[in-house]
Each structure stands twice: as C-alpha cells, then as structure tokens.
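Student: Curious how this folds, go ahead:
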Amino acid sequence: MAFALRRIPPRVAAGAFILNSGLGKSSLDAETAAHLHAQAVRAFPQLKDIDPKEFGKLLSAAEIGLGGALLLPFVPSGLAGLGLAGFSGALLWMYHKTPGATVDGVRPTPSGIGLAKDVFMLGIGLGLLVDVATTRKRR
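Tutor: Reported below is the predicted structural model:
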C-alpha cells in the first residue's frame with residue numbers, strides 16, 4: 001500500500017467534512033428526513049419506495065463510512081478517491097436536478113451554493129484517483 005504525505009490534506013479535509021455531515025444526520029427528525037428524501041428522489045426516482053426515515057439512516061451510515069474511509073490511512077487512496085468521486089458525483093447530479101439551484105443548469109444561484117460546493121469534493125476524489133494512477137511504485 002502506497003502512503004504519500006501529499007494525499008493527507010485532501011483526505012482529511014473531505015473526510016472530516018463528510019464524517020461530520022454523517023454524524024449530524026444520525027438522529028434526523030421526520031421532517032428533515034422527508035426533505036432530504038424528497039431531494040434525493042428528484043434526482044434518483046428509484047429511491048421513492050424507501051421510507052424517508054430509513055433513507056436518512058442509510059445516508060448517515062454512508063457518510064460516516066466514507067468519511068471514515070478517507071480519514072483512515074490504511075484505506076487505499078484509490079479506493080477512498082473512488083468512493084468520494086462517486087458520492088460527490090451523485091450529490092452534483094442532485095444539485096443539477098434541484099429546481100432553483102442553478103442558472104442555465106450549471107452556475108449556482110445564491111440558494112444553490114450549498115449544493116455546488118460538492119464540486120470541490122469531486123475534484124479531491126478525482127485528484128486522488130489521478131495521483132494513484134500516475135504514481136510509479138518505487139522498488
């Protein structure tokens with residue numbers, strides 16, 4: 001397993017943010033769970049049959065797991081980067097599908113900035129993947 005110091009700052013930044021978000025969702029009230037579920041269903045209609053409270057628990061667990069994976073040094077950076085890129089890509093799709101969040105489908109409106117920040121996490125995830133893919137192993 002390759003361990004590179006340059007990978008620590010982006011992993012810690014994204015990991016701490018996502019872990020905190022997941023911990024914050026661990027005890028959602030019914031109204032907040034329903035709101036998050038409705039946002040997710042707008043982007044991913046196949047989630048409509050999941051109970052909103054159950055969706056909130058699954059989202060919390062996913063964020064805690066991903067945040068933890070990014071923070072734990074023994075989790076390979078390629079795997080952590082792939083998880084982060086997939087998760088943030090899904091969040092950006094949700095941003096794109098949220099009415100009133102974008103101007104011309106891309107630029108954020110003032111109310112969409114909170115969702116648009118996920119582009120930074122996508123950049124971190126892709127950066128980790130590129131770094132792992134282009135780093136030669138020393139013998």
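
Student: hey, which helix or strand in the protein has the poorest pLDDT?
Tutor: Sorting the helices and strands of the chain by mean pLDDT, DSSP states H and E puts helix 113-116 at the bottom, at a mean of 81.

Student: A61: how many residues sit nearby?
Tutor: Using other C-beta atoms under 10 Å, A61 has 13 other residues around it. Every residue, glycine included, has its C-beta placed from N, CA and C.

Student: who's in contact with it?
Tutor: A61 is in contact with G22, counting by C-beta atoms under 8 Å, 6 or more residues apart in numbering.

Student: which element is it on?
Tutor: Using DSSP states H and E, A61 sits within helix 52-71.

Student: same thing with I50?
Tutor: I50 is part of no helix or strand when elements are defined by DSSP H and E.

Student: That one: neighbouring residues, count only.
Tutor: Neighbourhood size, I50 [other C-beta under 10 Å]: 14.

Student: same thing with K48?
Tutor: Per other C-beta under 10 Å, the neighbour tally for K48 reads 12.

Student: I figured it hits V41, correct?
Tutor: Yes: using C-beta atoms under 8 Å, K48 and V41 qualify as a contacting pair, with a distance of 4.9 Å.

Student: Much appreciated, bye for now.
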